[in-house]
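Student: The amino acid sequence is not available; the structure is as follows:
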């Protein structure tokens, strides 16, 4: 992966499944979607070109179900909501994304799981898949993801942002059967929750 030559998901995939080198993007062979750097959770990897094409089509048509756990600073109300704001390159910093009028349509649904002291634990469901969408949308409404060094502030309890891809649902390319996969909260994020609450 660019900027991360060793110990990457791509290197691990190719070590176990060398035939995937020819599937999809050469920088991300077999990988159907991406997670932001320092975001943990469920990843989907296709086993062949036909599956890659089918799954990519599902992502493009927004028929894939995605859910993330995010911890934000502050008490987010109402407890359920939808953020609709176009996202594009930040005109002041091209390395960042921002809510901009000339951006691409982006829609993020959220629901409060619980309030913990001065924080809110959310389940976040992005309906579109813009770069940094969840982080940009939550920061734009004044509730940055805890530990987000780009759109928020560092956290004494974490070395990365508190964002975890907890659930991914899609139709199997081979049968059309809908399946869902879940990923438990990793140890570092679970410990951060314990530390604040």
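Tutor: Arrived safely, thanks for sending. All values reported here derive from a predicted model rather than from experimental measurement. Numbering: from 1, shown residues only.

Student: quick one, helices of this protein?
Tutor: Using DSSP state H, the helices assigned to the chain run over residues 9-16, 49-60, 133-140, 187-196.

Student: Out of those helices, flag the one nearest residue 96.
Tutor: Nearest of these to residue 96, taken as CB to CB: helix 133-140 at 8.3 Å. The way it works is simple: take the backbone N, C-alpha and C, and place the C-beta from them, glycine included.

Student: quick one on the thing from earlier: most tightly packed of the helices of the chain?
Tutor: Mean neighbour count (mean count of other CB atoms under 10 Å) peaks for helix 133-140 among the helices of the chain, with a mean of 24.

Student: Can you spell out which helices and strands pack onto it?
Tutor: Applying 3 or more CB pairs under 8 Å, 6 or more residues apart in numbering; DSSP states H and E, we find helix 133-140 packed against strand 65-73, strand 80-84, strand 87-90, strand 93-99, strand 107-116, strand 119-126.

Student: between those, which gets nearest to residue 55?
Tutor: strand 65-73 (12.8 Å).

Student: just to revisit the earlier point, quick one: the helices and strands packed on helix 133-140 as JSON lines, columns for distance to residue 11, mean neighbour count and mean pLDDT too.
Tutor: Converted to JSON lines, those look like this (distance: least, CB to CB, whole Å; neighbours: other CB atoms under 10 Å; pLDDT from 0 to 100):
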{"stretch": "strand 65-73", "distance to residue 11": "25", "mean neighbour count": "22", "mean pLDDT": "97"}
{"stretch": "strand 80-84", "distance to residue 11": "35", "mean neighbour count": "13", "mean pLDDT": "98"}
{"stretch": "strand 87-90", "distance to residue 11": "29", "mean neighbour count": "18", "mean pLDDT": "98"}
{"stretch": "strand 93-99", "distance to residue 11": "25", "mean neighbour count": "14", "mean pLDDT": "95"}
{"stretch": "strand 107-116", "distance to residue 11": "31", "mean neighbour count": "17", "mean pLDDT": "98"}
{"stretch": "strand 119-126", "distance to residue 11": "27", "mean neighbour count": "21", "mean pLDDT": "98"}
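
Student: Format the ones you listed as a markdown table; extra columns: distance to residue 22.
Tutor: Output for the helices and strands packed on helix 133-140, formatted as a markdown table (distance: least, CB to CB, whole Å):
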| stretch | distance to residue 22 |
| --- | --- |
| strand 65-73 | 27 |
| strand 80-84 | 39 |
| strand 87-90 | 32 |
| strand 93-99 | 31 |
| strand 107-116 | 34 |
| strand 119-126 | 30 |
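
Student: between the ones you listed, which one is nearest to residue 50?
Tutor: strand 65-73 (21.7 Å).

Student: Next, the angle helix 187-196 makes with the closest one.
Tutor: 40 degrees (axes from the mean of the first three to the mean of the last three CA atoms, to 10 degrees).

Student: I'd like the distance from residue 167 to residue 185, if you could.
Tutor: Note on residue 167: its distance to residue 185, by CB to CB, to the nearest Å, is 12 Å.
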